[in-house]
Every structure is written in structure tokens, then in C-alpha cells.
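**Q** quick one: sequence plus predicted model below, questions after.
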Amino acid sequence: MKLSRILSNQNGVSRRHARHLLAAGEVQVDGTTCHDGSREVSRFQQVCVGSTIVQQAAPAYYLMLHKPAGYLSATVDNQHPTVLELLPASLRPHLHIGGRLDRATTGLLILSSDGRWSRQLTLPGTKIPKTYKVTTALPITPEVRQRFQEGIWFAFEQLSTSPAELDILGTHEARITIYEGRYHQVKRMFHAVGNCVTSLHRESMGCLKLDPTLEPGCYRHLRPEEVSSVG
Ligand code: URA
């Protein structure tokens with residue numbers, strides 16, 4: 001929201017008075033004087049007029065979790081444990097998931113209280129690469145690489161998947177990079193070429209790589225450079 005709106009809307013200050021406060025150097029955003037009412041200020045920033053806080057900064061959390069198998073990427077469920085149960089209770093109400101994983105899928109899961117930020121990871125237009133290690137029931141033939149490059153037809157959505165990269169690591173093992181996040185995408189792509197995924201593990205989303213020191217079920221806060229690598 002624009003700073004001038006935060007000042008006028010939320011605090012019964014007239015627009016004229018808001019302009020006056022800005023010009024007089026009375027307004028601070030995160031401790032720094034700001035004269036520009038057109039500046040975009042997020043809910044994670046603090047706004048003060050003199051010594052009065054007019055907007056308290058909402059807590060901004062950016063986490064990576066090593067998701068173990070068996071946990072649902074959901075906030076609540078009455079049948080299965082959810083990934084939120086792996087995090088401290090005090091953080092849970094603030095968090096949402098940036099790019100869900102199936103219950104059996106393991107690996108990198110990103111959670112944040114900043115919805116605008118985490119949507120960058122999942123919006124189809126952003127084309128952020130997501131890399132998975134996959135094992136299959138049947139051998140992976142070299143032609144599959146070409147099929148995935150060309151795109152796989154998903155009849156339900158009436159679309160072809162964007163070109164995906166396949167690096168065959170062994171007879172039944174590969175690394176796949178996709179640029180979308182469609183429902184059960186990797187499993188459905190392998191199914192379309194007559195194979196079946198037996199295990200799936202997400203290694204990275206864009207520049208965010210699963211920290212190798214994180215055991216399954218453990219999480220850590222993202223570093224500032226990791227947060228700013230998104231968007
Ligand atoms: N593709 C799938 O099929 N499942 C996942 O969990 C992620 C990508």
C-alpha cells in the first residue's frame with residue numbers, strides 16, 4: 001500500500017495533513033525518514049509518525065523444510081499429519097506453503113508468512129525451475145528425454161506441459177526439471193510415457209536448494225540472500 005494511504009486511511013489523518021507530515025520529515029519507514037507518499041510499503045514494514053507507531057510490522061517468516069514422506073502439504077487435516085506440525089506452534093498461524101508436494105514426496109518445501117513472495121515461486125508465468133530426483137518402476141528409456149522436451153499432453157487441462165529437462169542417472173533413476181507446478185505433474189508425465197514413479201524428492205526451486213544439513217522433518221530460516229533471490 002502507498003505510504004500516503006497508510007497515513008491517511010488508517011489513522012484518521014487528512015491527505016493534506018499526511019502530505020504535511022511527510023514534508024516535515026515526521027514519517028519514518030523501518031526507522032528511516034521518508035518524504036515520498038507514493039512509496040509502496042508492505043505490511044512487513046513499520047511506519048512511525050514521530051514516536052507513534054502507525055503500522056506495526058507484521059512478522060515476516062521465510063523457511064525451508066525438509067519434508068519427510070507421509071506428511072500432507074496442508075495446514076490442517078484430520079486423517080494425516082501435516083507439514084505444519086513439524087514447525088513450532090508459534091509460527092504455524094502465520095505460514096502458508098509455496099508449492100505443495102504430494103504426501104509421499106520428500107524434499108524442499110518453502111513456507112512463508114509473505115504470500116506475495118511465496119506466490120512468485122508458484123505462479124505459472126514466473127517459470128521458476130523445480131528440480132526433482134525421481135525413481136521409477138520400469139527402466140527410463142532415452143526417448144523419454146525427447147518426449148519431455150516436446151511437452152506431454154494433459155487431457156484434463158487440455159494443454160501440453162512446458163519443455164522439461166531430463167537427466168538420466170541410472171536405469172530407474174533420473175533428475176527432472178520442470179518450469180510449472182501442475183497437479184501431480186511429474187508422476188503424470190512419467191505415467192504418460194508408460195512408467196510409474198516410485199519415489200520423488202524435490203532438490204531445488206529456482207536458487208533455493210535443499211540444505212544438505214537438514215535432516216528429514218527439520219527446517220531452517222532462509223538467509224536474506226535466499227529471500228531476495230526470489231522475485
Ligand atoms: N510432481 C508430482 O507428481 N508430485 C509432487 O509432489 C511434485 C511434483
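**A** Structure received. Residues are numbered from 1 along each chain as shown.
**Q** how about the residues of the chain by the ligand?
**A** Proximity of the chain to the ligand, by CB under 6 Å from any ligand atom, involves residues L101, D102, T105, H184, Q185, V186, K187, L200. No exception for glycine: its C-beta is placed from N, CA and C like everyone else's.
**Q** from these, which ones fall inside helices?
**A** Q185, V186, K187 (DSSP state H).
**Q** residue nearest the centroid of this structure?
**A** G98 (2.8 Å; CA atoms, centre = their mean).
**Q** contacting residues around that residue?
**A** G98 is in contact with I110, L111, S112, W117, S118, R119, L121, T122, M205, counting by CB atoms under 8 Å, 6 or more residues apart in numbering.
**Q** hang on, the earlier thing: got the ones in helices among the residues of the chain next to the ligand as CSV, with pLDDT and neighbour count columns?
**A** Converted to CSV, those look like this (pLDDT from 0 to 100; neighbours: other CB atoms under 10 Å):
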residue, pLDDT, neighbour count
Q185, 96, 18
V186, 98, 23
K187, 98, 17
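**Q** who touches the longest strand seen in the chain?
**A** In the chain, with assignment by DSSP state E, the single longest strand is strand 197-205. Contact with strand 197-205 is made by 67, 98-99, 101-102, 104-110, 121, 128-137, 172, 175, 186-187, 190-191, 209-210, as judged by CB under 8 Å, 6+ apart.
**Q** what mean pLDDT does it get?
**A** Mean per-residue pLDDT for strand 197-205: 98.
**Q** wait, Q120 sits on S228?
**A** No. The pair Q120 / S228 is not scored as a contact, 11.3 Å apart, by CB atoms under 8 Å.
**Q** neighbour count winner among those two?
**A** More crowded of Q120 and S228, by other CB atoms under 10 Å: Q120, with 15 against 11.
**Q** quick one: residues contacting that one.
**A** T126, I128, V230, G231.
**Q** ok, so of the residues you listed, who is nearest the ligand?
**A** Closest approach to the ligand among those (CB to the nearest ligand atom): I128, at 13.3 Å.
**Q** coming back round to it: and the ones in helices among the residues of the chain next to the ligand as CSV, adding distance to E85?
**A** Converted to CSV, those look like this (distance: CB to CB, whole Å):
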residue, distance to E85
Q185, 26
V186, 25
K187, 25
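**Q** so the closest residue to P129 other than its chain neighbours is in which element?
**A** By the measure of CB to CB, 6 or more residues apart in numbering, the closest residue to P129 outside its immediate chain neighbours is T177, 5.0 Å from it. Assigned by DSSP states H and E, T177 falls within strand 173-178.
**Q** for that strand, which outside residues touch it?
**A** Contacts of strand 173-178 (CB under 8 Å, 6+ apart): 129-136, 140, 148, 161-162, 164-169, 185-186, 189, 203.
**Q** low-confidence ranges in this structure?
**A** 10-11 (pLDDT under 70).
**Q** got a list of what G37 touches?
**A** K2, L3, S4, L7, A18, R19, L22.
**Q** give me that answer again for 7 Å
**A** K2, L3, S4, A18, R19, L22 (CB atoms under 7 Å, 6 or more residues apart in numbering).
**Q** closest one of these to the ligand?
**A** K2 (38.0 Å).
**Q** surely the closest one and S42 touch.
**A** No. Checked against CB atoms under 7 Å, the pair K2 and S42 is beyond contact range at 11.3 Å.
**Q** map the structural domains onto the sequence of this structure.
**A** Segmentation of the chain into domains, based on automatic domain parsing, reads 3-55, 62-225.
**Q** for the longest one, measure first residue to last.
**A** With CA to CA, to the nearest Å as the measure, the ends of domain 62-225 fall 11 Å from one another.
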